[in-house]
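Visitor: Next comes the sequence, and after it the predicted model I'd like to discuss.
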Amino acid sequence: MPPADLHRVPGPDGMDVEAWRTVVAEGLDVQKRLRGGYRELGLLALRVAPGYVSDHDAEAVLHLLGEEIGSTYDELLACRRYALTGDARAVEGL
């Protein structure tokens, strides 16, 4: 049996490989930009609640910031953690 020609293997729903790779590349780019947005939100949160401030002590000011910018405390807290650590797991589920 000859090996599969990966350039001819159809993607999901009959999509050809190149089209599938294009979609995947675009998805990765969107994810990268999304994480960049989370980082920017985290940096804003760090401006009002620096990293040395506990989550508990940061809660009131992050609630206020969230109300002003249309976000929630939980989102801002997660983004703050992401900005501090660079670990994308901090913003999973947002």
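Guide: In hand now; what should we look at? Numbers count the residues shown, from 1 in each chain.
Visitor: switch to C-alpha atoms for all contacts and neighbour counts from now on
Guide: Will do.
Visitor: residue contacts, Cys79?
Guide: Tyr38, Arg39, Leu41, Gly42, Leu43, Ala45, Ala90, Val91 (CA atoms under 8 Å, 6 or more residues apart in numbering).
Visitor: now do 10 Å
Guide: Neighbouring residues of Cys79 by CA atoms under 10 Å, 6 or more residues apart in numbering: 35, 37-46, 73, 85-86, 88, 90-92, 94.
Visitor: can you list the weak-confidence ranges in this structure?
Guide: Applying pLDDT under 70 to the chain flags residues 1-11.
Visitor: nearest residue to Thr72 other than its sequence neighbours?
Guide: Closest residue in space to Thr72, ignoring its immediate chain neighbours: Gly66 at 4.9 Å, by CA to CA, 6 or more residues apart in numbering.
Visitor: Ala58 is in contact with that neighbour, correct?
Guide: No - with contact defined as CA atoms under 10 Å, Gly66 does not reach Ala58; the gap is 11.9 Å.
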